[in-house]
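S.K.: Dropping the sequence and predicted coords here.
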Amino acid sequence: MTGSVGAGNSQVCHRPDSFTCGQHLTPAADAIGRKFGKNGVVEFSPRAAAELKSCHASYLAAVGADAIDLAKKQGLDVVSAEHVRTARRMQLSKDDGAGRKNATNVVGGVVLGAAVPQVVQFAIADEPIGRPAVLITVGLFVVGLLLLFYGLSPGRRA
């Protein structure tokens, strides 16, 4: 459903190829401009400007794709403002989850790393190994593996 905006038409649909992003980026440019004045920074380097544009494009593409997926899941052919807001929250939560998953990955590696030498010690030991040592080692091994696998697993999509 593509259309033009009529005087009394509150239902406006835009196809992505009709977007003129320049006018929509004015608030972002204003915010960046205010930051320049406060911090004494004069300009972005050409590479920094290119990277900023790339970040914007990637984020916009990800939010747009998630919003389309949400509309399709509901059997709709029009993406609503709520779909876009939900997609934005999904992207923000993905960013928040990345740090947690990295930390989980590190902790899992450390815990597993603590258990592995003990397992090797058990394998080469000449004398019987006590039950508490075996239980602790197995516990560390299992917890380490679970944390490591969780940290390495791909994120869920809502």
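M.R.: Great, that's in hand. Being a predicted model, the structure only gives us computed values, none of them experimental.
S.K.: going forward, measure contacts and count neighbours with C-alpha atoms only.
M.R.: Noted.
S.K.: same for the lengthiest helix in the chain, what does it pack against?
M.R.: Longest helix in the chain by number of residues, with DSSP state H as the criterion: helix 81-124. Counting contacts by 3 or more CA pairs under 8 Å, 6 or more residues apart in numbering; DSSP states H and E, helix 81-124 is packed against helix 46-73, helix 131-152.
S.K.: Kindly reformat those as CSV containing mean pLDDT and distance to Leu112.
M.R.: Formatted as CSV, these follow (pLDDT from 0 to 100; distance: least, CA to CA, whole Å):
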stretch, mean pLDDT, distance to Leu112
helix 46-73, 87, 35
helix 131-152, 91, 4
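S.K.: Can you check which of those gets nearest to Arg100?
M.R.: For the helices and strands packed on helix 81-124, proximity to Arg100 was assessed by CA to CA; helix 131-152 is nearest, at 8.1 Å.
S.K.: what sits up against the closest one?
M.R.: The contact list for helix 131-152, computed with CA atoms under 8 Å, 6 or more residues apart in numbering, reads 101-116, 118-119.
S.K.: Just the buried subset of those residues, please.
M.R.: 101, 104-109, 111-112, 115-116, 118 (16 or more other CA atoms under 10 Å).
S.K.: and the least confident of the residues you listed?
M.R.: For the buried ones among the contacts of helix 131-152, the least confident position by pLDDT is Lys101, scoring 78.
S.K.: From Pro46, how far out is it?
M.R.: Per CA to CA, to the nearest Å, Lys101 is found 33 Å from Pro46.
S.K.: Over to Ala81?
M.R.: Noted for Ala81: a distance of 34 Å to Pro46, by CA to CA.
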